[in-house]
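Student: Below is the structure, and that's it, no one-letter string:
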């Protein structure tokens, strides 16, 4: 039987996270022709010492790679980071469309292959030039990528493009110039995520279904793209019933087997959404984890 108190707490956490009004960016830039190929920039809201630039935090939003969930729901989180002294780039990307003939809630496919990955790769490649023009307060040498849930997956993936299979068009020749990755409740191991039914089989959908899951996993599953050589921390609520702790632990175990140490910060009595909720103590923990890598 489900724990009614746990369900009520999870519902309250979600309601709180989505209760904040969206925060408009200071400036937006496009990295392609599609309407979703846009990055919103937030300048740091706090004063820095003269001559000191702000670390850049790249935010990749979650929402199971499905179309109804866009970057707007993490704009309060982006603004929160800006108020903590970071420069912030909030990245949009193409997500899964509505299933044909099913105009009902929850009938969206998770992600688009290869479009979702094309966009994240293109956004990160375009980012340095866009930042120089749109956010001169940002220090590209102190860049940290963060992402929540499905966005946590994309953050880990973006930091691992140099270890993609050689035939991948997304592969880069060298590690990206990052101070680190802070992945928040990430869908970080597709095999474990599918066994647990995370987000209604979202990772299976992202890769195109059962016919493509096995063949595409080496190009998309962070647990197979190790070691990266980039400092990585996972932040995970112990009571998360959307992306359970076991998924993060599976990724950390895979990293250890590959000879890499991945930090895992487990938060007691915290579910899925407080990690991006400016009103939650967990959000302050996230900002501190980012700061530890950025500075």
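Tutor: Arrived safely, thanks for sending. Small disclaimer: the values here were computed from a predicted structure and weren't measured.
Student: where in this protein is pLDDT low?
Tutor: Judged against pLDDT under 70, the low-scoring parts of the chain cover residues 1-2, 98-107.
Student: And the helices in it, which stretches?
Tutor: Applying DSSP state H to the chain gives helices spanning 4-17, 75-83, 115-134, 150-158, 190-195, 202-206, 210-220, 245-257, 281-294.
Student: so which of those is the most packed in?
Tutor: Ranked by mean neighbour count, the helices of the chain are led by helix 150-158 with a mean of 29 (mean count of other CB atoms under 10 Å). Bear in mind the C-beta positions are built from the backbone N, C-alpha and C, glycine included.
Student: what does it rub up against?
Tutor: Helix 150-158 has contacts (CB atoms under 8 Å, 6 or more residues apart in numbering) with 58-65, 74, 93, 110-111, 116-117, 120-121, 124, 145-147, 176, 181-188, 199, 202-203, 220, 222, 225, 232, 234, 243, 251.
Student: residues contacting residue 196?
Tutor: Contact partners of residue 196, counting by CB under 8 Å, 6+ apart, are 244, 246-247.
Student: Against residue 245, how distant is it?
Tutor: Distance, residue 196 to residue 245, by CB to CB, to the nearest Å: 10 Å.
Student: got it, and residue 27?
Tutor: When CB to CB is applied, the distance between residue 27 and residue 245 equals 38 Å.
Student: likewise residue 260?
Tutor: Taking CB to CB as the criterion, residue 260 is separated from residue 245 by 20 Å.
Student: Residue 231: neighbour count?
Tutor: Neighbouring residues of residue 231 were enumerated by other CB atoms under 10 Å; the total is 18.
Student: got a list of what the residue nearest to it when sequence neighbours are not counted touches?
Tutor: Using CB to CB, 6 or more residues apart in numbering and skipping residues adjacent in sequence, the residue nearest residue 231 is residue 180, 3.7 Å away. Residues near residue 180 by CB under 8 Å, 6+ apart: 144-145, 230-233, 293-294.
Student: beta partners for residue 180?
Tutor: According to DSSP bridges, residue 144 are recorded as the beta-bridge partners of residue 180.
Student: Distance check, it against residue 222.
Tutor: 14 Å.
Student: With residue 245 instead?
Tutor: For residue 245, the distance to residue 222 - CB to CB - is 16 Å.
Student: contacting residues for the nearest residue to residue 30 once chain neighbours are set aside?
Tutor: Nearest-residue entry for residue 30: residue 38, 5.3 Å, with adjacent residues in sequence omitted and distances by CB to CB, 6+ apart. Contacts here follow CB under 8 Å, 6+ apart; on that basis residue 38 touches 28-31, 92.
Student: Kindly indicate which of the residues you listed lies nearest residue 165.
Tutor: Ranked by distance to residue 165 (CB to CB), those are led by residue 31 at 24.4 Å.
Student: Apart from its neighbours in sequence, what residue is nearest that closest one?
Tutor: If the residues on either side of it in the chain are set aside, residue 31 comes closest to residue 126, at 4.0 Å by CB to CB, 6+ apart.
Student: most surrounded residue in the contacts of residue 38?
Tutor: residue 92 (22 neighbours).
Student: wouldn't residue 55 be in contact with residue 182 here?
Tutor: No: the pair residue 55 / residue 182 is not scored as a contact, 11.7 Å apart, by CB atoms under 8 Å.
Student: Looking at those two, which is more packed in?
Tutor: Shown here are residue 55 and residue 182; by other CB under 10 Å, residue 182 has more neighbours (30 against 25).
Student: Not including adjacent chain positions, what is the nearest residue to that one?
Tutor: Among residues not flanking residue 182 along the chain, residue 146 sits closest, at 4.5 Å (CB to CB, 6+ apart).
Student: Could you check how many residues crowd around the one you found?
Tutor: Residue 146 is flanked by 31 other residues according to other CB under 10 Å.
Student: wait, what's in contact with it?
Tutor: Going by CB under 8 Å, 6+ apart, residue 146 touches 57-60, 152, 155, 181-184, 286, 290.
Student: same thing but at 7 Å, please
Tutor: Neighbouring residues of residue 146 by CB atoms under 7 Å, 6 or more residues apart in numbering: 57, 59, 155, 182, 184, 290.
Student: mind checking which of the helices of the chain is nearest residue 267?
Tutor: Taking those one by one with CB to CB, helix 281-294 is closest: 5.4 Å.
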